[in-house]
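Trainee: sequence and predicted model, in that order:
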Amino acid sequence: QSTWGQLGAIRLLEHLPLSTMVFSKDVEVKYTKLYINNQFVDSVKSGTFETLNPTTGKLLATVQEATSEDVDLAVRAAKAAFHRKAPWRTMDASERGRYLSKLADLIEENADDIASLECLDNGKPVESARGDVQFAVNCMRFFAGYCDKLNGKNVPSERNTVCITRCEPVGVVGAIVPWNYPFHLACLKLSPALAAGCTIVIKPSELTPLSALYLAHLCHTIGFPPGVVNVVPGFGDKAGQALVDHLDVNKLAFTGSTRVGRLIMKGSGESNLKRVTLELGGKSPCIVLNDVADADFDKTVALVHEASLINSGQCCIAGTRTYVQSGIYDRFVAKVKELAEKRVVGDPWDSTTVQGPQISEFQLNKIMDYIKSGVDEGATLLTGGKKIERSGYFVEPTVFTDVKANMKIAREEIFGPVQCIMKFDTIDEVIDMANDTTYGLGAGIFTHNLDHAIAIAQAVEAGTVYVNCYLEASPNTPFGGYKMSGIGREYGKYGIDAYLEKKTIVVKVAQTIS
């Protein structure tokens, strides 16, 4: 797993001895009810849905299903908790920070169980899941430190007035969380929202609800005031739509597909003009220049390959469009083929496994349709391209060469372990190729020439550009996309700004002194 150790959340574990971690396939699923107003409750209509283990395709748990009535109850609780005289609003900002710090500590104490639960419900390798949990802890601690540092300003004004600004919480937040990084992204929505002083209703994906419900349990254990945190698992067209439509939800934070992001934007406009943060799809380019042949060639190829297939390809910022300069193209292709065919796909509980299952049969079939379209449109299937015949939802690591810019596999987000390799000659040419997309989430540049790296980094239309690395994320580094990859930023100071309103207060006085 040496390649994996260079990329992604697993590297966060480098200072933690894996020998001390205890993962269990038999971790008990204790929390399957809705969490509203500090109580685990059945849904109003007593509806349920099944969540499956993607490694086996078998039933993992039956979960209470939230509908619009349940979402309304959760939003009412969150609104009551946000009242100006409620405990959450009247406590010191530093006290909010202590709540978040205690929650981060409790998550870390239970990290192995959370990772085990995530592995069962999502299928990602358990050590990778543990890395996701650690990153969530790091992010929560970062935002906990911000609680009492959200300052306004004294603004110079005229005509004997004093002008100050205040940063105020936006109100009730609806957070719609995807299935690819379920626990981490639930925490990423919760942490800045609570740090800002908001209250929150989290709707986890119906495919992976269990870790968010475990998070609700930990919030309950800490003792957050009633209504501050609510978790309502359910389907997008019911629970998700109810959050979008609800007139008492002031902001929506969404991570998911561009198609659904558009629906959320439309719904926000048609309801109460909710503020929105949208982290959407991507088709990120990785650009490899000839000079990497001089040193670190094998390391570069491994990084670029992993950037494309990370998390079984189920990653919004995956670098799935690989552009290789013509001087090293053939050598690069040969090495990628070797890596793909050595890639260990299988049991996510096995420490040698790099790639687990896809999340569902639907997603697996969708990936297979894309692979078929690549073949039909004339791309060369270098390796892979088949379902793996075993229980669960597995597909071979797949690499295409001779990919053209107009092909479906080059333009649409596949969300599976499919790498598309294209050849270029000049830097100007590859910049145009990289920008020829409706997406703009990330990009990678691999070169030893600093001038070339800076020139490409400035010209590429992407929210995050990595040079000689990929997915080197930290809690304080802003993350978000250009174009149809989203609106707003997460992580860092920009991430908490999205949960704040800026109020201007102007006071007439007898005399000002400049």
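Mentor: Sure thing, it's come through.
Trainee: not including adjacent chain positions, what is the nearest residue to residue 335?
Mentor: residue 301 (4.5 Å; Cβ to Cβ, 6 or more residues apart in numbering). C-beta: built from backbone N, CA, C; applies to glycine.
Trainee: tell me which element the one you found is part of?
Mentor: Counting by DSSP states H and E, the element that carries residue 301 is helix 297-309.
Trainee: give the next helix or strand downstream of that helix.
Mentor: strand 321-325.
Trainee: show me how far the helix or strand following that next one is from its chain's centre.
Mentor: Next in sequence after strand 321-325, counting helices and strands by DSSP H and E, comes helix 329-342. Mean-position distance between helix 329-342 and its chain equals 29 Å (Cα atoms, centre = their mean, to the nearest Å).
Trainee: kindly report the same for stretch 237-253.
Mentor: Using Cα atoms, centre = their mean, the offset of stretch 237-253 from its chain centre is 19 Å.
Trainee: who touches the helix holding residue 301?
Mentor: 3-4, 6-8, 284, 286, 288, 292, 318-320, 322, 328, 331-332, 335-336, 339-340, 343, 355, 397, 417-419, 444, 446, 468-471 (Cβ atoms under 8 Å, 6 or more residues apart in numbering).
Trainee: in that helix, what counts as buried?
Mentor: Across helix 297-309, burial judged by 16 or more other Cβ atoms under 10 Å covers 297, 300, 301, 302, 303, 304, 305, 306, 307, 308, 309.
Trainee: same question, stretch 377-396
Mentor: Of the residues in stretch 377-396, those buried (16+ other Cβ under 10 Å) are 379, 381, 382, 383, 384, 385, 392, 393, 394, 395, 396.
Trainee: equivalent analysis for stretch 68-76, please.
Mentor: Here stretch 68-76 shows 68, 70, 71, 72, 73, 74, 75, 76 as buried, counting by 16+ other Cβ under 10 Å.
Trainee: show me what contacts the second one?
Mentor: Which is residue 70. Contact partners of residue 70, counting by Cβ under 8 Å, 6+ apart, are 34, 36, 43, 44, 232, 234, 239.
Trainee: quick check: it is in a helix.
Mentor: Yes - counting by DSSP: H, G, I helix; E, B strand; the rest coil, one finds residue 70 located in a helix.
Trainee: can you read off the pLDDT for it?
Mentor: We have a pLDDT of 98 for residue 70.
Trainee: correct me if wrong: residue 54 contacts residue 395.
Mentor: No - between residue 54 and residue 395 there is no contact, the gap being 11.7 Å when judged by Cβ atoms under 8 Å.
Trainee: neighbour-wise, which one of the contacts of residue 70 leads?
Mentor: residue 232 (30 neighbours; other Cβ atoms under 10 Å).
Trainee: measure that residue to residue 186 for me?
Mentor: Computed with Cβ to Cβ, to the nearest Å, the distance linking residue 232 and residue 186 is 12 Å.
Trainee: tell me, what's touching the two both at once?
Mentor: Here residue 232 and residue 186 have residue 202 as joint contacts, going by Cβ under 8 Å, 6+ apart.
Trainee: in this protein, which residue is closest to the centre?
Mentor: residue 185 (5.1 Å; Cα atoms, centre = their mean).
Trainee: pretty sure that one sits against residue 177.
Mentor: Yes - when contacts are counted by Cβ under 8 Å, residue 185 is listed as touching residue 177 (4.9 Å).
Trainee: spit out the residues that contact these two alike.
Mentor: Shared contacts of residue 185 and residue 177, defined by Cβ under 8 Å, 6+ apart, comprise residue 255.
Trainee: remind me, longest helix of the protein?
Mentor: Taking DSSP state H as the criterion, the chain has its longest helix at helix 126-144.
Trainee: what lines up beside the helix or strand following that one in the sheet?
Mentor: The C-terminal neighbour of helix 126-144 among helices and strands, as given by DSSP H and E, is strand 154-155. Sheet pairing here is set by DSSP bridges, and for strand 154-155 it gives strand 161-169 (antiparallel).
Trainee: contact partners of the partner strand?
Mentor: Contacts of strand 161-169 (Cβ under 8 Å, 6+ apart): 82, 150-157, 196-198, 499-509, 512.
Trainee: same check, this time on stretch 430-437
Mentor: The contact list for stretch 430-437 (Cβ under 8 Å, 6+ apart) reads 283, 285, 287, 321, 323, 325, 405, 411, 422, 424, 443, 456, 459-461, 483.
Trainee: now with 7 Å, please.
Mentor: Residues outside stretch 430-437 that contact it (Cβ atoms under 7 Å, 6 or more residues apart in numbering): 283, 285, 287, 323, 405, 411, 422, 424, 443, 456, 459-461.
Trainee: just the buried positions in that stretch, please.
Mentor: Of all the residues in stretch 430-437, those buried under the rule 16+ other Cβ under 10 Å are 430, 431, 433, 434, 435, 437.
Trainee: pretty sure residue 496 contacts residue 194?
Mentor: No - in this structure residue 496 lies outside contact range of residue 194 using Cβ atoms under 7 Å: 10.2 Å.
Trainee: so for these two, which residue has more residues nearby?
Mentor: Using other Cβ under 10 Å as the criterion, residue 496 and residue 194 rank with residue 194 on top: 28 against 22.
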